[in-house]
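Asker: here is my input, please return the structure:
(one chain, ligands or ions: 1)
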Amino acid sequence: MITKNYTASAAVFGALFCLFAGSATVAARGSGKVSAADGLQGESIYRSSCMVCHSLVPPPKVAPPVKGLARHYREAFKSKREAVDHMVAFMKKPDASKAVCQEEAIRRFGLMPAMSLPESDLRAVSEWVWDQFDPAMKPGDHKH
Ligand code: HEC
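Answerer: Okay, here's the model as predicted:
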């Protein structure tokens, strides 16, 4: 019994440790490359083109909140670069079979409309979305 509990909490600790270690590495890498100006640009694109549907935090408007998206993308991709590439491609041509969000999100909200923004804006806003990941947010907090 004691051994079992110990094993379980060690596993939880291990998982949390990986999560924090992983996000610290990503944050360090991100801050080295992305200048503050890119972050501001990403946020202002979000405000003008995405916020109408995506709130930053729950409750959702008509689409999953940004912090939930960031969590899903961090779970699905190892690097910011891969995640940003995928997000940009998805926004140009949303496709349910390529969605990182669960099917449930698409059933509930419908498929996102294609974004007709320049590639550089799509990249800047995707990087900004990735950076909104909040390790303090528990998986259940972003229930769609
Ligand atoms: C008209 C409403 C609307 C606008 C505007 C909008 N979205 Fe979405 N978005 C949605 C809906 C609905 C979903 C959930 C269904 C889906 O995945 O297509 C979604 C899903 C997503 C996803 C998850 C895709 C996946 O892999 O599952 C990302 C990332 C995203 N939006 C980013 C953005 C960004 C960044 C912008 C602004 C440039 C934006 N969205 C603008 C409605 C919108």
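
Asker: who's in contact with residue 57?
Answerer: Counting by CB atoms under 8 Å, 6 or more residues apart in numbering, residue 57 touches 65, 66, 67. Any C-beta I mention is one placed from the backbone N, CA and C, and that applies to glycine too.

Asker: what pLDDT is listed against the last one?
Answerer: This means residue 67. At residue 67, the model reports a pLDDT of 96.

Asker: any chance you could list what contacts stretch 95-104?
Answerer: Applying CB under 8 Å, 6+ apart, the set of residues contacting stretch 95-104 is 64, 69, 72, 73, 76, 86, 89, 90, 105, 106, 111, 144.

Asker: what's the ChimeraX syntax to select whichever of the residues you listed are buried?
Answerer: Buried residues within the contacts of stretch 95-104, by 16 or more other CB atoms under 10 Å, are selected in ChimeraX with:
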select :64,69,72,73,86,90,105,106,144
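
Asker: from the contacts of stretch 95-104, list the ones also adjacent to the ligand.
Answerer: 64, 69, 90, 105, 106, 111 (CB under 6 Å from any ligand atom).

Asker: surely the first one and residue 54 touch.
Answerer: Translated: residue 64. Yes: using CB atoms under 8 Å, residue 64 is in contact with residue 54, at 6.9 Å.

Asker: residue 136 - how many residues pack around it?
Answerer: 5 (other CB atoms under 10 Å).

Asker: my error: substitute residue 83 in the last question.
Answerer: Counted with other CB under 10 Å, residue 83 comes out at 22.

Asker: which residues does residue 88 contact?
Answerer: 119, 122, 123, 126.
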